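Undergrad: build me a structure from this.
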Amino acid sequence: GNPRTHELRDPHSRMLITLRHGKEFYLDGLVLENIVSQLCVSDLVRVSATCQVLNHVSEAVAQRALARLAKRLQCTRLRLFDGGSRISQLIMWEQLAESTVLWLQADRARVRVVERGGETRVTFARDLSGSGNDAASPRDGPVLNPDAVNGWGAFEFDGHSVLKTRPFECPIAQPVTLVVVARARGDTTIIDALGTNSSRFELCHGYPTGYHPSPEICMTASGHGAVPTQSMRGSTRGTGEWHVITAIFDTRKSELFVDGGREATGKNVGNNRLDGLSIGCDHSGVFFLMGSVAEVRLFSCHLSRSHRVQLECSLARKYNLHYTIDAPPAAEADEARSPSSHLRFPPLRRLRSSCSRSSSSGRVATRIVGTSYH
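TA: Take a look at the predicted model:
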């Protein structure tokens, strides 16, 4: 039967457990934690339900596992989304890690370069997700600028360079979430599917209804060669400023966010699958990027608001870019009104970027103004 236990006040103290027949014995808290720390999260759930002592121990183990996982993902956990047990949060963060298909950074330690014409050109970029979807350049690669955005590196694309991942083992069906830190100028493609035989899966500034030197941000997973019949457009234009962009490809439930603000939702962008990424060019090899990319993350899921905001906040903090937290959907409106939704990052040593964007009409946005992160 279930044992009766005394309340655990110090996880490293000796814990008294009394069995039903009255026999008592002690467990050393530190030893017990070391044992429990070897368990997977599903076993933690079962152990935590056994008794109060083991629940405390399991929660302490989950808390440390959460901190390690967030550090590995380079993501700051915000108190705004700190509800539920540590074990339930660990389950959600492990699901996020498992759904990571690709993660590229313009970091000198994670790329291979060649010196050519006085420039440092990238020939290879390692996938940090562990999925093996490394990227390489079939021709002149982008220039690696180690100090492109507030002290961090970026791949600089000059209108004829590109990075292409390996073909994915299996084309990924929607939902797919693409998060990128980038800047672009003019009618240009930031990221698309892999090659000429691929179906379009594009994030760009283009497909304008009329000519404009700096078209609006646009996402589409429709068609192959001709102009897409299904797409979704935001309001941010390609003027060369840095942004944190999240494009969630999920047919009729697609969403587009720029610097935390929801710029478009509710339109069907098409149902194409993704077979790999061309970074800096469209899949047909015609429209090249004039701009830079500092980081790319790809997930095989529709990123939840909690994970999206925390990841975007972490990237904005890292690159010191302007960021707002938009009002959530109606079901989460009460959470947005909570005082904990006001966030402030601590002072950074790098200078704040000059790029910022005012909230569009009708947007209810919360500026980051309070200390609420782990």
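
Undergrad: how close does the residue sitting nearest the centre point of the chain get to residue 61?
TA: By CA atoms, centre = their mean, the chain has its centre lying nearest to residue 311, at 4.6 Å. Noted for residue 311: a distance of 24 Å to residue 61, by CB to CB, to the nearest Å. C-beta: built from backbone N, CA, C; applies to glycine.

Undergrad: what does residue 169 give?
TA: For residue 169, the distance to residue 61 - CB to CB - is 33 Å.

Undergrad: between those two, which is the more surrounded one?
TA: residue 61 (26 against 10; other CB atoms under 10 Å).

Undergrad: in a helix, that's where residue 53 is, yeah?
TA: Yes: assignment of residue 53 by DSSP: H, G, I helix; E, B strand; the rest coil places it within a helix.

Undergrad: and it, how many neighbours does it have?
TA: 21.

Undergrad: residue 147 too?
TA: Counted with other CB under 10 Å, residue 147 comes out at 10.

Undergrad: now name the helix or strand holding the residue nearest to it when sequence neighbours are not counted.
TA: Of all residues not flanking residue 147 in the chain, residue 153 sits nearest, at 7.1 Å (CB to CB, 6 or more residues apart in numbering). Assessed by DSSP states H and E, residue 153 sits inside strand 152-158.

Undergrad: what sits up against the helix or strand that that strand is followed by?
TA: Following strand 152-158 in sequence order, the next helix or strand is strand 163-165 (DSSP H and E). By CB atoms under 8 Å, 6 or more residues apart in numbering, the surrounding residues in contact with strand 163-165 are 102, 104, 122, 125, 127, 133-138, 141-142, 155, 194-195, 276-280.

Undergrad: dump the residue contacts of residue 156.
TA: Residue 156 touches 142-145, 148, 291-292, counting by CB under 8 Å, 6+ apart.

Undergrad: swap in 7 Å and give it another go.
TA: Residue 156 makes contacts with 142-143, 145, 148, 292, as judged by CB atoms under 7 Å, 6 or more residues apart in numbering.

Undergrad: what about those residues, which are in strands?
TA: The strands, defined by DSSP state E, take in 143, 145, 148, 292 from the contacts of residue 156.

Undergrad: got these as a markdown table, with neighbour count and distance to residue 306 columns?
TA: Formatted as a markdown table, the entries for those read as follows, by neighbours: other CB atoms under 10 Å; distance: CB to CB, whole Å:
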| residue | neighbour count | distance to residue 306 |
| --- | --- | --- |
| 143 | 21 | 36 |
| 145 | 17 | 33 |
| 148 | 20 | 30 |
| 292 | 26 | 29 |
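
Undergrad: using PDB, write out every CA atom in the helix or strand containing residue 219.
TA: In the assignment (DSSP H and E), residue 219 maps to strand 216-220. What follows is strand 216-220, C-alpha atoms only, in PDB (Å, rounded to 0.1, in the frame of the first residue of the first chain):
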ATOM      1  CA  GLU A 216       5.500  43.600 -47.200                       C
ATOM      2  CA  ILE A 217       6.500  40.400 -45.400                       C
ATOM      3  CA  CYS A 218       4.800  37.400 -47.000                       C
ATOM      4  CA  MET A 219       4.500  33.600 -46.400                       C
ATOM      5  CA  THR A 220       3.200  30.900 -48.800                       C
END
